[in-house]
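Peer 1: give me the fold of what follows.
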Amino acid sequence: MTPAVAYAENVVMLLESPVNTAIAHDLLTEYFHSRELGFAQQNVTYTITFPDPASFVPPHGVFVVAYDGEGEPVGCGGIRLIDPGARGVRYELKHLYLRPATRGKGWGRAIVDELETRALGFGAREIVLDTHHSLTAAGALYASAGYTSIEAYNSNPNATRWYSKTLGD
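Peer 2: Down below sits the predicted model:
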């Protein structure tokens, strides 16, 4: 269990969770629905793919659910191993989501920081992620956390931008 982390005088607790619990599934459903709506406004189709639960089980990955000070689930995110190769262990950050009413409190950064710490603990040397250019707040979060733009490393039909961050030394 991860202790509560204080950000901007708000408290968020990040707890490890299987990706297929009812709470995690509800948060992911909200996330995917919000992306469907956002993409539809751009006349783009969003492809929903629920994550494979086995990909988010330590040490191959982890999924966390964020809870506010009232104990209500407010967000989620995960990492999964994608490359144990010679260049160093590489994990991918996936499904970072916060309910709209909780955004702007620093909790997205808390989730990213926690997932980076977990990845380091699993031996990661790099975290990569993909996102869509319309998610400007997400892009700003990743930039402020030290992620840099890279060439596409996957063929995700929902992605238009790819980022990387080197971890550790």
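
Peer 1: wait, Y147 sits on Y163?
Peer 2: Yes: using Cβ atoms under 8 Å, Y147 is in contact with Y163, at 3.9 Å. To be clear about C-beta, it is placed using only N, CA and C from the backbone, and glycine gets the same treatment.

Peer 1: anything in contact with each of those two?
Peer 2: With contacts taken as Cβ atoms under 8 Å, 6 or more residues apart in numbering, Y147 and Y163 have L129 as neighbours in common.

Peer 1: now the residue nearest the centre of the chain, nearest residue through space, not along the chain?
Peer 2: In the chain, the C-alpha nearest the mean C-alpha coordinate belongs to L96, at 3.0 Å (Cα atoms, centre = their mean). Leaving aside its sequence neighbours, L96 sits nearest to G77 (Cβ to Cβ, 6 or more residues apart in numbering; 4.1 Å).

Peer 1: residues of the host helix or strand of that neighbour that come out buried?
Peer 2: Using DSSP states H and E, G77 sits in strand 73-83. Buried positions in strand 73-83, judged by neighbour count with 16 or more other Cβ atoms under 10 Å: 73-83.

Peer 1: now swap in stretch 127-146 and tell me
Peer 2: The neighbour-count check on stretch 127-146 (16+ other Cβ under 10 Å) flags 127-132, 135, 138-139, 141-142, 145 as buried.

Peer 1: what does it rub up against?
Peer 2: With contacts defined as Cβ under 8 Å, 6+ apart, stretch 127-146 is touched by 35, 38-39, 42, 79, 82, 90-94, 96, 103, 108-109, 112-113, 115-116, 119, 147, 150, 152-154, 156, 158-165, 167.

Peer 1: quick one: mean pLDDT over it.
Peer 2: The average pLDDT for stretch 127-146 rounds to 92.

Peer 1: how long is stretch 66-84 end to end?
Peer 2: Using Cα to Cα, to the nearest Å, one end of stretch 66-84 lies 28 Å from the other.

Peer 1: run the chain-centre distance for that stretch.
Peer 2: 7 Å (Cα atoms, centre = their mean, to the nearest Å).

Peer 1: what's the average pLDDT for it?
Peer 2: 92.

Peer 1: narrow the contacts of stretch 127-146 to those that are buried.
Peer 2: Taking 16+ other Cβ under 10 Å as the criterion, what is buried in the contacts of stretch 127-146 is 35, 39, 79, 82, 90-94, 96, 108-109, 112, 115-116, 119, 147, 153, 158, 161-165, 167.

Peer 1: having no further points to raise, I will conclude here.
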